[in-house]
Structure formats: structure tokens, C-alpha cells
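> Provide a 3D model corresponding to the input given below.
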Amino acid sequence: MGGNDNNEHALEDLRSKIIASMSNEPSSNKRTTLANDEVRSNKRQRNREGWDRGYKNGHPGPGYFDRRQSNPRPRYQIQQQQKRFPPRPQYSRYQGNTTSNTNAGKFREGDLVHVVPLGERERMRPTRWDITPRGFENVPAERAKLSKLFPQPGRPHELDRSRLEKVIAQGGTNDRRTRILFEEADGNHLMFSRTSCKIVVRGTADSTDLNHIETYLNRFVQALDGEYCLREIIQGPSHLVLEFNNMVCTTIVLSCRSFLSKELGCGGSDWQRPQEYVQQLDTSERLCGPEILAVEGLVNGEERELTDQGFKVVFVEPLFAISQEPQGRIFTGCALVEVEEMPSGSGYLRWFKPNESHMKQSLSYMTFQGLPKLTKDQVRVPSRVLLLMNLVDPLDLKLESFAQEVETTLKSTLHKVENIKMNKPSADFRLNLECIGEGVGNVYVKFQDVESAESAMESLPFRKFNGRRVICCYVSESDFETLGIL
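So this is what the prediction gives:
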């Protein structure tokens, strides 16, 4: 009995402890919650009292404290810290990491003293591109790129050596891209400018027989020592435009103007080059030099005849024409003469300079380094006509609506415009090297007075039109009015 009573007492004690613990947990949580609420309310009350004390009547008071502001440090502490820990200098990788960023953009002559130019640097090891193909030893790299026979940067392809051998065998005569490989690099290609190959014959009758003139001139130039021909003949109101395939041929024909005027029935006509013709001062062709004289009225064309008339002759070339007589040719009475100095007296001879022009140009300036000086030279006389280049894409002018829109825009933008001419492309025109000399896409604007043209000349250069920068220059008014010159 005693053991059972002890067990019952133990169970009763355990039960009472469990009940007591269960009853104490809610009370402790409740007290903790009440304490936390009291702390929060006290903090809220202090903040409200501080806000009311520091911000009164819409303005911050002396007790106002902004949490966004950090505690200011004394100035001497900041200075001491900067002395102990100076800021790291910022370097530029374009200055060799040797100068601070304060000197960025300033060029010093000593920076490039020890730099070896690219053209003088030695190749670390030879490559297969250092081996020049046979026959291309004298071809510059720029012309090799234009020929598209060799791999281009960013567009590698296998070199077709069989095609190179074919080009060498043909001399590059079949294609313009391959022909430029073997042309002389002294600027002789400028002699084939279309303006330098034209002659304007003014004072002709409208009933002139063009077939007779074309046939006779072709026979005349084909009898000369060279591959010359009459490329085109255009008839306008009281004038003719003759275009040949070479400037040397043009010089010879112009030198025989007195003989040709008589043979063609154009007596009293005036033969001269276009106003836009540019004289080459240092050309390699002797007959196209600036000191060449065309002498008329000769009897036999011998040097002695010229010497008797006061000419100090250095070089003379008499000019002959084909004849149906037994000897096969006749003397035209004209000759191309180079003299040491201009003759003092003319006597019965007449002479003029067939290559002379008010615009002159030296081939030595036609380099990349000479372009800035070339663009600054004021060689054109102000006139009422402006030539606008790079204004439109030449192929866009095939659309008549686009050409009309360009003309309307120019008339509304520029002041006192009298007339506008555009060199429009033909239906089969292609924008390539073969057609680059035709000047397709050039726009000519004629103004009512020179002052309006000068005003446009000041505002138009490098102005953007349809996303393209405009380049402009003066053009002779007589060439603008003459059909076939521009």
C-alpha cells in the first residue's frame, strides 16, 4: 500500500508542474509584448518631440537633425589625411603611362624621338606575302589593291597565280583595273582629262556639214604619228565642240587652226580651248609644255626660216596633212616650236600658245601631302555659275521625280537662281572607273548676279545635303552656255 501511495504522489506532482508551466508561458509572452510596445512608443514619442522641437513654422530649427547628412569633419583632419594618403595619379595608355592626366592631349616633340617609322622597321621574320609575283616588281601596293587580283584586308582568299600569269602575258590591256597596274606613276593619266581634249569652234554656220568635218578630221589625226582619233563632235547654236582621245592630238589640231578653217569651210571661226581647261606645268609630253608656241604662216617649216624671223629655236616640229597629190602629204604652214625666249618681232609670222590657260596646275602637287595646298589655291575667277559636286548619288538621277525634287529644293534654298543643269546618267550607266570621267551627278547652278554666287560659295562648302557633304567651285559662264562642254 505504501509503494502505491508514493507513486500516486509523484504522478500528482508531475501533473501539477506541467499545468503550472503551461499556465506561465502566455503570461511571459504577454509581458514581453507589452514591454516591446512600450519601448516602441517611447522611441516614437522622442522622435516626435525632436521633430517638433527642430522644425517649426515650415523651417528647420536649431535642433533639426538630418539623417542624410554625415557628421562634418574638421578641415585640418581632411588635409592631414590627404597628406598621408595622396590620391593615385591617373595615367593614359596613349602617353606610355609616364605622365599624369593633366597633360593629356599635349604633344611633346620628345615623345617620338625613339619611335622608328613603320617604313623603316625591320620585319621580324619573312612571310609568303614578302615574295612579289614575277612581273609585278614595279607595281605599287595601292594599285595592286585596286586591281582586286590580290587578297584584301579582312577578305582573304586564295591567290590565283594562273590569272596573274595571264595578266602579265596580256600586259593588263583587257581591263581598266588591270591596266592601271602597269601605267606610269608620274601623273600622265591627267593628260586624258576630257576638258583638256576638247576644242570649241565658235562662229560656225548652222548649216555646217558635220559628216564632212568628222571624216576630214579623222583622216587628219590618223595621219599623225600616234594612235589619235576624233572621239565626238557636237553642234550647238553657232559653235562646234570637238573632242579627241588625247591632249597631244588636241594640241596639234589647235595649232593647225588656220589651215583647218580653210579646208573645212569655216573661215572667220575662232578655235580655242574651253575656259575650264587646266594647263599642266610639268608634263612629260614635250608638245604639251607651257613654253610651246604654235607658229602660223610658214612657207616650208624649216628652222632657218624661224631663225630669220628672230626665233631662238630649241625644238621645231612641222605639221603636215594628208593630200591626194603624188607626194601624199602637204605642209599646213604651221609648226610647233620651243624657243629659249619669246621673239622680239613677229614679222610676217603669227604665233600663240596652244596650251596656255588662266588655270595652271603642277603634277608634283597631285599627291596626298600636297592636297591641302592644292585646295587653298585660288585659281578660279568668280562667276555666276557654281558647280556642286557630291550633292547626289549619280544613279538616283535616273529617277525624274528625284531630279525634279533636287532642283526645287535648290531653288527654294538658294537666292536668285536663274538656271540649273544636271549631268544625268544614261539608261545603261554604271558607276565604275570607266565612267568616272563623264562627270555624271554634277549639278550646275547659274545665278542672276555674281554677288549671289559668291554668297552661295561662302555658305555651301561642306554643307550637308541629303546626308552628303557638298563640294563646290566656280565655273566659266561661257562653258555653261556652250553645249557639250560641261
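
> The stretch 201-350 of the chain: helices as residue ranges?
Taking DSSP state H, counting those that start in this stretch as the criterion, the stretch 201-350 of the chain carries its helices at 210-222, 247-255, 257-264, 303-308.

> Single out the most deeply packed of those.
Using mean count of other C-beta atoms under 10 Å, the stretch among those with the largest mean neighbour count is helix 247-255, at a mean of 23. In this view, the C-beta of every residue, glycine as well, is placed from N, C-alpha and C.

> Give me the contacts around that one.
The contact list for helix 247-255, computed with C-beta atoms under 8 Å, 6 or more residues apart in numbering, reads 191-193, 196-199, 217, 220-221, 224, 226, 228-229, 242, 244, 260, 271-273, 285, 287-288, 292, 294, 319, 334-336, 354-355.

> what residues go with each domain of this structure?
133-179, 189-278, 291-352, 380-481 (automatic domain parsing).

> average model confidence for the last one?
So the one you mean is domain 380-481. With pLDDT averaged residue by residue, domain 380-481 scores 85.

> Over to the second one?
Per-region confidence: domain 189-278 scores 87 on mean pLDDT.

> Check the third one too.
Mean pLDDT, computed over domain 291-352, is 83.

> one step back: I'd like to know which of the helices of the stretch 201-350 of the chain is closest to Pro382.
helix 247-255 (27.2 Å; C-beta to C-beta).

> Kindly calculate the angle that the closest one makes with helix 210-222.
Taking axes from the mean of the first three to the mean of the last three C-alpha atoms, to 10 degrees, one finds helix 247-255 and helix 210-222 inclined to each other by 120 degrees.

> got the angle for helix 247-255 vs helix 257-264?
Between helix 247-255 and helix 257-264, the angle formed by their directions is 70 degrees, by the same axes, to 10 degrees.

> Which ones among the contacts of helix 247-255 lie within strands?
Secondary structure of the contacts of helix 247-255 is defined by DSSP state E; positions in strands are Lys198, Ile199, Leu242, Phe244, Trp271, Gln272, Ile292, Ala294, Leu319, Cys334, Ala335, Leu336.

> buried subset of those residues?
Of the members of the ones in strands among the contacts of helix 247-255, the ones counted as buried by neighbours, 16 or more other C-beta atoms under 10 Å, are Lys198, Ile199, Leu242, Phe244, Trp271, Ile292, Ala294, Leu319, Cys334, Ala335, Leu336.

> follow-up on the earlier one: can the domains of the chain go into a markdown table with extra columns for distance to Ile78?
A markdown table is the format used below for the domains of the chain (distance: least, C-beta to C-beta, whole Å):
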| stretch | distance to Ile78 |
| --- | --- |
| domain 133-179 | 55 |
| domain 189-278 | 71 |
| domain 291-352 | 81 |
| domain 380-481 | 52 |
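
> okay, the ones you listed, which one's buried deepest?
domain 189-278 (a mean of 17).

> Kindly reformat the helices of the stretch 201-350 of the chain as a markdown table containing distance to Glu454.
As requested, the helices of the stretch 201-350 of the chain are exported to a markdown table (distance: least, C-beta to C-beta, whole Å):
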| stretch | distance to Glu454 |
| --- | --- |
| helix 210-222 | 39 |
| helix 247-255 | 32 |
| helix 257-264 | 35 |
| helix 303-308 | 46 |
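
> Does Asp479 lie in a helix or a strand, and which?
helix 477-481 (DSSP states H and E).

> Quick one: list the elements packing against that helix.
Under the contact criterion of 3 or more C-beta pairs under 8 Å, 6 or more residues apart in numbering; DSSP states H and E, helix 477-481 touches strand 443-447.

> Show residues contacting the strand it packs on.
Contact partners of strand 443-447, identified using C-beta under 8 Å, 6+ apart, comprise 384-389, 391-392, 406, 410, 414-423, 453, 456, 475, 477, 480, 486.
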